[in-house]
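Colleague: Output the structure for:
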Amino acid sequence: MALGLSHNVLAADSKNLDLAVQKVVTPQVIGNSIDLTQNSVGTGGLNESSFFQQGDQNAIISVQTGAENTLDITQMGNNQYAKTDAIGIENTQEISQTGDNNGVRLEVTGDSNNTVIEQNGGGFLSINNGSITVINGDENTINVSQGDGGHWSQFDNIEGNANTITSSQEGTWNESFVTSLQGDSNNIAITQTGYYSVSTLKSIEGNNNSLTLSQTGDRHKIESSVLRGDANRVNIEQRDGEKNEATVDNIGDSNAYDTFQVGSENKAYSGALGNGNYIYTAQSGELNDSHVVHFNGDDNRVTVYQYGDDNKSVIQSSGDRTLTADDNTIALEQNGNENDALLELGTLINSDSNIINLAQKGDGNAFDITVEGSNHKVAINQEGNDNLIIGTDSNSFLVGGASSTFIVNQIGSDNIVEGKIISGLGSVDITQMGDYNTAIVTQQ
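Modeller: The predicted model follows:
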C-alpha cells in the first residue's frame, strides 16, 4: 500500500487531508489480502474473529453486522492496511499495527460499540501511520493510541450522542483532526507529546460536549473554526514549549474555555458570541500574547492571568455595530515587568454595567483603556515603578457613560495616570503612594 502522505505538507496546509483520506481508503495492495463478512442473527451474534499478518503491503477488510461480535486484528510490517465496518450494537474491535506507513479506517454505525486502535512505528515526516474514524450512533467508545514518529489521527463525520473518543500520540511530528462533530454530551480527549504537534477542530455543533486537548513539548498548535452550541467545554493545555498557539471561537451560551500555556512566545486567541460564557487564559513565561476578542453578549466572564516579562494581553468586544456586551465580569492580572494590556469595550456601540478589575505587579507595565457605556465599575491596581495607565495608541485613557466608577491604586515611584472620565453621576478615586508620581484626570 502506498499512502503517499507527506506529514510536513499536512502541517502547512490541512486542506490536503481529503487527498490523504482517499489514498488510505483505496490503497494499492500487493501482498496478502483478507476480506471478512460476518452477519449475526438475534440480539447477540457472539461471532469471534482473530487475524495476524506479518510482512509488507497486506490488507484486511472486515464487515461485522449484528450484536456482541468481537474482532482482533494484528499486523506487523510496513504498508499494512485495515478497514473495518461495525454495524450494530455492543461490538468489540481491537486493531494493532506495528511498522511504518500503515493505515486504519474504522466506520461504526450503531450504539455502545467499543474499538481500540494501536499503531506503533518509527515514522517521521513522509513515513507515518494514519487512522480515520467515522461514527454514526450513540455511546460508542473509540481509543486511538499512536507511538513515536510522525503519525496522524482523524475523526470524520461523528454524528451521535454520548460518544467517548480518545486520541493519544507520542513522538515528534504528530497531527490530530476532528473534522466534524454533531451531537450532544460527547467527550473528546486528545493528548500529544512531542516536538511539533498540531490539533485541529473544524466543525463542532451540539450541546454539553467536552473537548480536552493536551500538548507537551515544543511548537504546538491548536486551532478551531467556530464551535456552535450551548454548555460545551473546551480545555486546552500546552506545556514546556515555545511558540505554541491555541485558538477557540464559539457561538452559543454557557460555554467554558480554559487555555493554559507554559513557555515563551505562546499565543492564545479566544472569542465568544453569546451569554453566560466563561473564558479563562493562563500563561507563564515571557513574550506571550493573550487575545480575547470579538466577545459579545451578557453575563460573560473573562479571566486572564499572565506571569512573566514582556507579555501582552488584549481584551476587546466585537467590532460589530449591532452587538453589545453587557453585565460582563472582566479580570486581568499580569505579574512581571514590561507587560502591556489593552482593554477596549463598547467603542462602537455602548455596552453597560460591566465589572472590570485590572492588576499589574512589577516595573514598566502599562494599561491602555477605552471603555464606553454606562454603569461600569472599573478598578485598577498597579504595584511597582514606572507604570502607566493611559489610553489606546498612547493617548489618554477614556471611561465614558453615566454612573460609572473609576478607582485607581498605584504603589511605587514614577507612575503616571492620564485620562478622561465622561460620566454624569460617576465617581473617580485615585490613590498614589510613592515618589515622582503624576495624575492628570479630566472629569466631565
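
Colleague: shaky segments in the stretch 301-444 of the chain?
Modeller: 318-322, 347-348, 392-394 (pLDDT under 70).

Colleague: just the helices in it please.
Modeller: Assigned helices in the stretch 301-444 of the chain: none (criterion: DSSP state H, counting those that start in this stretch).

Colleague: Check which helices and strands the helix or strand encompassing residue 222 sits against.
Modeller: For residue 222, the element it lies in under DSSP states H and E is strand 221-224. The elements that strand 221-224 packs onto, with contact taken as 3 or more Cβ pairs under 8 Å, 6 or more residues apart in numbering; DSSP states H and E, are strand 198-201, strand 233-242, strand 245-251. Where C-beta positions appear, they are placed from N, C-alpha and C, glycine not excepted.

Colleague: Contacts for it, please.
Modeller: Identification of contacts with strand 221-224 by Cβ atoms under 8 Å, 6 or more residues apart in numbering yields 197-202, 204, 213, 215, 234, 236, 238, 244-249.

Colleague: Equivalent analysis for stretch 250-257, please.
Modeller: Contact with stretch 250-257 is made by 207, 226-236, 248, 270-280, 297, as judged by Cβ under 8 Å, 6+ apart.

Colleague: If you count neighbours, what's buried in it?
Modeller: The neighbour-count check on stretch 250-257 (16 or more other Cβ atoms under 10 Å) flags 250, 251, 252, 253, 254, 255, 256, 257 as buried.

Colleague: Identify the residues contacting residue 418.
Modeller: By Cβ under 8 Å, 6+ apart, the contact list for residue 418 reads 388, 389, 390, 391, 396, 397, 438, 439, 440, 441.

Colleague: Mind giving me the PyMOL select for the residues you listed, buried ones only?
Modeller: Buried members of the contacts of residue 418, defined by 16+ other Cβ under 10 Å, are picked up in PyMOL with:
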select buried, resi 388+389+390+391+396+397+441
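
Colleague: Comparing the helices and strands packed on strand 221-224, which comes out most buried?
Modeller: For those, the largest average neighbour count (mean count of other Cβ atoms under 10 Å) is found in strand 198-201, namely a mean of 24.

Colleague: After that strand, which helix or strand is next? Please name it.
Modeller: strand 204-205.

Colleague: just checking, what packs against that next one?
Modeller: Packed against strand 204-205, as judged by 3+ Cβ pairs under 8 Å, 6+ apart, are the following elements: strand 181-182, strand 226-228.

Colleague: So what touches that strand?
Modeller: Residues outside strand 204-205 that contact it (Cβ under 8 Å, 6+ apart): 178, 181, 182, 211, 224, 227, 228, 229, 232.
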